[in-house]
Structures are given as structure tokens and as C-alpha cells.
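Q: Predicted model and sequence below, questions to follow.
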Amino acid sequence: MLKAVFFDAAGTLIRPAPSYGAVYSRVTALFGMRIPAKFFEAELPRAFRAVDWPLRTNSETEMRLWQDVTRKMYEALPADLPFLEWYGAIYNAFGRADAWAVEPGAAETLKELRHLGLRTAVVSNWDERLLPVLDGLGLAPQIDRVFVAAQVGWRKPAPDIFRHACRQLDIEPAEALHIGDSASEDVAAARASGLVALHYSPSDPTALRKLTHVLHSSHLVGHTVLPPRE
């Protein structure tokens, strides 16, 4: 019987507002440099791939990794600016709710899942900045627990972070459903850890395209702690 539903954070429950590149562009403008958002949108995936992301982690490691990502992007800038100050401003910006928006249907889905008697949790490769972001966006009251890699000590796709979440909620892995936008770090990793998983991707016709569709999923119907309300 299903007892809990886990969600990834960025790309699932929340999204950058209006985009990752736009946040970088806005912060960079504070340093007197006008760089279009599309420049950062192009550079960010390359910078992300250039960094080795270990599965074992902590808060200090996560901060260093994001500094490495930001330095890769800094090296592509057409002019100089004070790196550490710029990096600090970028890092802090993504830790505020105004850099993010709630994914359509997220709040409604979380609320209804709890009405059905299910525990709700976030299992994310974020660090501690995620907690005030979720609070500022109004999602925190609908989430029972938030598990971030920096605090748990493991990043997805390591099974340890999923198993830790299950232990903390006192459930078996098979009693949890995990939903996320990454086919490897969310879906495949959760299933390999013994959880049920759904791929969330609004642009993929083979995936879950609306978060509210979770409520009509075969994984929930007839398998929840309490029957759906009339």
C-alpha cells in the first residue's frame, strides 16, 4: 500500500523564474554588465557537465561545486568582474523565493495527496537553500519532510538518499512513489532503490505531463492509506 509520495524540487515542484539564464542576467546587471539571458542559458549546461559531481556530498562540497560551475561561466564572460562577489550574489539569488515559481498544479497536488492520507516529501540534490525557497513560495505547509543531498550526505542517483528518506518516514521503499524530471537521477534511481517512480516532463508525451495527473495515477487509485474523498 502506498504511504508516501516524494518529489524532486527544481524542474518538478518549482522552476526558475523566468529562467536560470534570466536570474544570472539580472544579478550580473547589478555589477554593471549587461549580458542577455540566452548567453547564460547556453553556457550553463556546458558548465554543469564540466564539473564532476560526486555522489558523496555535504554542504561545503555543494558550495564548492556550484562555485566551480559559476567559474566556468565566468570564464566565458566577455569582460572581467569580481568573481567571488559575483558568485556570492548568484548563489544567494537562487536561495531566495523570488528566483523561483511554483510549477503549475504543484500546490493543489500536494494538498490533495495529504488529504488522501499520504505523507509528502521532497528528495532533492539541493542544499539548505531549498528550505527557505519552499517556505517563501508557500509550499512548505503541504510538505512533511525535505531531504536535501547536502544534509543527507548523498546525491541522487545514489540509493542512500531515497533509503534515508524512507527510514525517516518509517516506511518501506515499496510504499513510496517518487516523481521527478530526470529519467536517470529520479526515475531509474528511485526504482533501483525499490521505490515506485513516475517521470514528470510536460513536453514528453510518454511522461507525466501535469502534476495534477498524479492524483489519477494507477499508482494511487486503490492503493492509498485512505480512500479518495467523494
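A: Yep, that arrived.
Q: and the chain, what are its domains?
A: Domain assignment for the chain by automatic domain parsing gives 4-14+102-216, 16-98.
Q: Quick one: end-to-end distance for the first one.
A: Domain 4-14+102-216 has its terminal residues 15 Å apart, counting by Cα to Cα, to the nearest Å.
Q: Quick one: distance of that domain to the chain centre.
A: 8 Å (Cα atoms, centre = their mean, to the nearest Å).
Q: hmm, back to that, now mean neighbour count and mean pLDDT too, for the domains of the chain, in CSV please.
A: Every C-beta, even on glycine, is put in place using the N, C-alpha and C of the backbone. Shown next, in CSV, are those (neighbours: other Cβ atoms under 10 Å; pLDDT from 0 to 100):
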stretch, mean neighbour count, mean pLDDT
domain 4-14+102-216, 19, 97
domain 16-98, 15, 96
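Q: separation between Val51 and Val122?
A: The spacing between Val51 and Val122, counted by Cβ to Cβ, to the nearest Å, is 23 Å.
Q: Contacts only, for the closest residue to Tyr200 other than its chain neighbours.
A: Excluding the flanking residues, the one nearest Tyr200 by Cβ to Cβ, 6 or more residues apart in numbering is Leu208, at 4.7 Å. By Cβ atoms under 8 Å, 6 or more residues apart in numbering, the contact list for Leu208 reads 179, 198-201, 214, 217.
Q: mind redoing it with 7 Å?
A: 179, 198-200, 214 (Cβ atoms under 7 Å, 6 or more residues apart in numbering).
Q: mind listing which of the residues you listed are in helices?
A: Per DSSP state H, helices hold no members of the contacts of Leu208.
Q: which neighbours does the strand or helix carrying Thr120 have in its sheet, and in what orientation?
A: Secondary-structure assignment from DSSP states H and E places Thr120 in strand 119-124. Strand 119-124 has the following strand partners under DSSP bridges: strand 4-7 (parallel), strand 145-148 (parallel).
Q: moving C-terminal of that strand, what's the next helix or strand?
A: Next in sequence after strand 119-124, counting helices and strands by DSSP H and E, comes helix 130-136.
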